[in-house]
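I would like to see how this sequence folds:
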Amino acid sequence: MQTNRNWIWFFVALVVLGAAAVSINWAYNAKQQLTPDQLNVAWDLWNKNEPADYDLEIEKTFQSSAADAPRTDRIKVRVRNKKVVAVADQNGPLERRLWDEYDMPGWFGFVEQFLKLDEAPGAPRTFRAAEFDPRTGQLLHYTRSVSTTRERQELTLKLTPR
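Numbering: from 1, shown residues only. Below you'll find the model as predicted:
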């Protein structure tokens, strides 16, 4: 008597399809990861095309863990002659000593600091992605998420030349 073993092929196909699904997802996420080279290219492009006068609106969302509610800050920055002349959030004007952290080069520095943290030996696995304006290099959107702690930062920047 011969045994029917066709059912084995069903499970082999199931394993192969499951592995393909995981691989495709991993490859897609790996491709999206922001690298220092991508940041440097955008920063160089910004340095070449930076407008002297612009207004910048930033929406910054931070969540320290999955249990915490996200906190969103809205920040408005005025830059004239490549110098910050005013910064305010929803609570009012910020101290003068903090202004230089809020122009576009300041936000590039913010992203660069997190890249260095994320690539340090022993750092937790982190997903980070950024979108840059292809003409000016301006940072448009940045997302960083630490899988082990569920910490998450997200920036959305809107620049209006003046």
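
next, the buried residues of stretch 39-58.
If you call a residue buried by 16 or more other Cβ atoms under 10 Å, then stretch 39-58 has these buried ones: 39, 42-43, 45-46, 50, 54, 56, 58. C-beta here means a position set from N, CA and C on the backbone, and glycine is covered the same way.

could you point out the helix or strand that follows the longest helix belonging to the chain?
Longest helix of the chain, by residue count under DSSP state H: helix 6-32. Once the chain leaves helix 6-32, the next helix or strand it forms, by DSSP states H and E, is helix 36-49.

who are the packing partners of that following helix?
Judged by 3 or more Cβ pairs under 8 Å, 6 or more residues apart in numbering; DSSP states H and E, helix 36-49 is in contact with helix 104-119, strand 126-132.

flag the least confident of the buried residues of stretch 39-58.
When the buried residues of stretch 39-58 are sorted by pLDDT, the bottom entry is E50 at 92.

what are the phi and psi values for it?
phi -60, psi 120 (degrees, to the nearest 10).

just checking, it touches K83?
No. Using Cβ atoms under 8 Å, E50 is not in contact with K83, being 11.8 Å away.

out of the helices and strands packed on helix 36-49, deepest packed?
Across those, the average number of neighbours (mean count of other Cβ atoms under 10 Å) peaks for strand 126-132, which reaches a mean of 18.

what's the following helix or strand after that one?
According to DSSP H and E, the helix or strand after strand 126-132 is strand 139-146.

what pairs with that next one, parallel or antiparallel?
Strands that pair with strand 139-146, judged by DSSP bridges, come out as strand 126-132 (antiparallel), strand 151-161 (antiparallel).

among those strands, which comes closest to G92?
strand 151-161 (20.5 Å; Cβ to Cβ).

surely D118 is in contact with R128?
Yes. In this structure D118 lies within contact range of R128 using Cβ under 8 Å: 6.3 Å.

now for these two: what residues contact both?
Jointly contacting D118 and R128 under the rule Cβ atoms under 8 Å, 6 or more residues apart in numbering are R144.

please name every helix or strand in contact with the longest helix of the chain.
Looks like helix 6-32 contacts strand 126-132 (3+ Cβ pairs under 8 Å, 6+ apart).

just how off-centre is the strand it packs on within its chain?
Strand 126-132 has its C-alpha centroid displaced from the chain centroid by 3 Å (Cα atoms, centre = their mean, to the nearest Å).
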